[in-house]
Structure formats: C-alpha cells, structure tokens
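A.B. asks: Based on what follows, work out the 3D shape:
(one chain, ligands or ions: 1)
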Amino acid sequence: MSTRKLSKALKILTSDKCMVATSDYNDFHKMVKRHVLTNVLGANAQKRHRSQRDTMRENVASRLHAHVNNSPQEAINFREIFESELFGIALKQAIGKDIEDSINVEELGTTLSRDDIFKVLVNDMMDGAIEVDWRDFFPYLRWVPNKTIENNMKRLSRRRIAVMNVLIEEQKKRIASGEELNCYTDYLLSEAKTLTPEQITMLIWETIIETADTTLVTTEWAMYELAKDQKKQDRLFEEIQNVCGTDKVTEEHLSQMPYLGAVFHETLRKDSPVPIVPLRYVHEDTQLGGYYVPAGTEIAINIYGCNMDKNRWESPEEWKPERFLEPKHDPMDLYKTMAFGAGKRVCAGSLQAMLIVCTSIGRLVQEFEWKLRHGEEENVATVGLTTRKLHPMHAILKPRNW
Ligand code: HEM
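C.D. replies: The predicted structure is shown next:
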C-alpha cells in the first residue's frame, strides 16, 4: 500500500505526480527519493548543509534581539522572522543561494520580490492543495466540467513553473561561468541525466516547499506551548544551562538534552503537523492488522486520532513533554508518534526537521524568556494542509543573562 492517489487539484499542482512525495510507488519514485536523500536530506547531505542551519539560527537570534532592543514591550510575530529564514535555507539547499533582490519573470510580465516569490512557490501551493473539487467524491460524475477550480490550479501551477524556470536559468548561467555550488540544482543537472527538464524543475521546487512549511509549523507550536507554560520552559532552560554552560546550543548538544527531545516529540504528538498521512492507495490485495484489504482501497491514516487515543496516552489533550522521558522512549526514535509516517513512503526530511526544530527551540529558549501576548492562549485554531496556526503566535520576549 505504498502508492498515492491524488485529488484533481493535486494532480495539476504536482504536474501529474512529478514529485517524490506524490509519485506512484515505482522506479521513478525509488530513483528520485535516492536523489533527494543523496544531495539534500540524507545524513551525509545534512552534514554538508550544516553551515546553512548554523547561519539560520544566528540570523533568527539577531533579528529577535534587534526587535527587543527597539521595542521591548511590543509582542513579536515569531513566524514572520522564522519563516523568512527557513525559506533562505530552502533556497540555498535547492538552488545554492538565497534571493536578495527581486526577479523579473518575463513570462508573467512582472517583477517579483522575495516575499512574492515565497507566496508563489509556497503559500499559493499549500492553499491550492486543499481545494476541494466535488468530482473527487463522485468519480462517476467526473465528466461534468468544473472549469473554475481547474483553471485556478493551472494558473497557480503556471506561475510556480515560470518562477522556478527563472531561478534555474540563473543557476545554469552560474554553472556555465565555472561557479559550482553544493545544491540540488547543480546535482540534478549533472547527475540525473534521465530526467526531463520539467521533472528537474518540479523536484527542485519540492524541496523548497517541504523545507519551508512543516518545520515552521512544528517550531511555532513548540514555542507557543513553552511560552504558555513557564514551568516547562524553566525546566528546558535549566537543561540547556547544565549541558551548554556559556556555549550556544548546537547540534552536538542534542543527544545530551532529553528534555529538548521530549519537547519536540510531544509537539509532534499533540500538534501533529501532518495530521492525516497523505492518502495511501493499495495496489495489491493485502492483509493489515488481520483485515483483508483489497487492491484499489484508499487508506487514510489519522495520526492525530492515534495520538489523541486515551487508551494509549494518559490525558492526551495535555502538552506534557515528560511523557517522553519515560525509559521506554528512545529519544532518537523519530517514529513513536508516527508524525513522519512509516514504511517505504516514510518522510525523507525527518532528520532535517529534527535538527532545525530542536536546535532552534534550544537556542530560542537559551536567549529569551518567552511569554504569550495577552489573549494569545485561546488562539489554537489551525488552517491549511498542515496544522499551521490560524493566528501567528505573538510573544513578549525578555533577553536572559547566561
Ligand atoms: C516536522 C516536520 C515534518 C513532518 C511532520 C513530515 C511528515 C511527513 C509525512 C506524514 C509524510 C508521509 C509519510 C507516509 O506516507 O508514510 C511525509 C513524506 C515526505 N516528506 Fe515529510 N514531514 C516533515 C518535514 C519534511 C521536510 C523538512 C522535508 C524535506 C525538505 C520532507 C520531505 C518529505 C518527502 C520527500 C516525503 C515523501 C516520501 C515518499 O513519498 O517516499 N518532510 N512527511
């Protein structure tokens, strides 16, 4: 049951399954998953991209300090800063560099700023992915035209491809001038000879959208929970002080900080960023948990439901990192909440997500005391394909002396 079935909207937005995450389970999937792990997301690739993550943490910390220095009483919109820095990492991994100026997209007859590009490549696509075409639910009526949704998806897709083509053309010129960078574009252009230009464009874009969203969602929820619960935040700060002393939190410290790991896992459990695994499609008759599952069945795995099951978790509605400190939990086991799925289609980005989320939370709590803005506690609604907070968290920060 390792293949995917897509909605009409997703078929258009993924250029008919032309991504690792949405492809059928076949040779194409195996090849492109190997490519993304080799150059971007696998353990060795992540070592090579290490300095980008370190730079990101420094940038986030200094932007937060700048805000506190200028307006200490004013609540900060954490998402604005974190999202922008995360997009920077996504671009560096994908095309080798961040976007500093605006770019001219001739095909669209316009010039786009970095924020506009983020919207075209990430936000518009996330919104498009949850467009509901009623024909998905009544396949025997698929012949009835529904041009509004179809045209809208085609427009979004065309804009995304136009922007990606400009970014990739710039990199081709750079490579032709003799400047090579450690990034997915350089790798695919030189190694993936059997892929078409359209496939290469889609695969490069895929790493951008995947880096830019779920990691933000997880970090924002974790900071919300910590800012809401002073005692748990103090406990984490104490652990950071004991382990890091006067050094800044780095990736080397992670294995010595079980409470930080527990904060990560508990956030994935209670605020699962991908609450339902992208639909799996059964391509061969099979057995699952003693049940016969015929080929052609679509399976939706409700991770949120599993993680809120009272028979498995005590008081599941409470955010309690302590539950992950029990000896039965191995802190490096990324799959105890199933937040990253499992099996052949397991998330390829779990290591990157863990490294960025954990070190960011550690550094943010090391630098500042976090308190939610008045009235912020009630803002728990979510919106979108992932569990993005509907209202970005606003917190008041107080620099710590450490
Ligand atoms: C906390 C952050 C993240 C969560 C919770 C998450 C969750 C998931 C889930 C549930 C799946 C489907 C797994 C299945 O069907 O069993 C998935 C697939 C995938 N994810 Fe993630 N993800 C995260 C971060 C990332 C990042 C940062 C990247 C890459 C930059 C990424 C890349 C992928 C890819 C390529 C797949 C498709 C794998 C395949 O189909 O073989 N993910 N993710």
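
A.B. asks: got any ranges where the stretch 301-402 of the chain has weak pLDDT?
C.D. replies: For the stretch 301-402 of the chain, applying pLDDT under 70 flags the ranges 331-332, 334.

A.B. asks: need the residues of it near the ligand, please.
C.D. replies: With CB under 6 Å from any ligand atom as the criterion, the stretch 301-402 of the chain meets the ligand at residues 339-343, 345-349, 352-353. (C-beta placed from N, C-alpha, C; glycine too.)

A.B. asks: So what touches stretch 291-307?
C.D. replies: Contact partners of stretch 291-307, identified using CB atoms under 8 Å, 6 or more residues apart in numbering, comprise 1, 5, 269-270, 272, 274-277, 279-287, 312-313, 316, 337-339, 341.

A.B. asks: which non-adjacent residue is nearest Ile204?
C.D. replies: Leaving aside its sequence neighbours, Ile204 sits nearest to Ala94 (CB to CB, 6 or more residues apart in numbering; 5.1 Å).

A.B. asks: Now do the same contact list for the one you found.
C.D. replies: 40, 183-185, 204-205, 207-208, 211.

A.B. asks: do Leu364 as well
C.D. replies: Neighbour list for Leu364: 60-61, 64, 223, 370 [criterion: CB under 8 Å, 6+ apart].

A.B. asks: Most neighbours among those residues, which one is it?
C.D. replies: Met223 (25 neighbours; other CB atoms under 10 Å).

A.B. asks: distance of Ile240 from the ligand?
C.D. replies: Noted for Ile240: a distance of 21 Å to the ligand, by CB to the nearest ligand atom, to the nearest Å.

A.B. asks: count of neighbours near that residue?
C.D. replies: Quick note: Ile240 (other CB under 10 Å) scores 24 neighbours.

A.B. asks: Going by secondary structure, the residue nearest to Ile204 is in what exactly?
C.D. replies: Ala94 belongs to helix 78-95 when assigned by DSSP states H and E.

A.B. asks: Sheet partners, orientation included, of the following helix or strand past that helix?
C.D. replies: Going down the chain from helix 78-95, the next helix or strand is strand 103-105, by DSSP H and E. Sheet pairing for strand 103-105, assigned by DSSP bridges, gives strand 110-112 (antiparallel).

A.B. asks: per-residue pLDDT, the residue of the stretch 1-150 of the chain found nearest the ligand?
C.D. replies: At 3.5 Å from the ligand, Ala21 is the closest residue in the stretch 1-150 of the chain, using CB to the nearest ligand atom. With respect to pLDDT, Ala21 scores 95.
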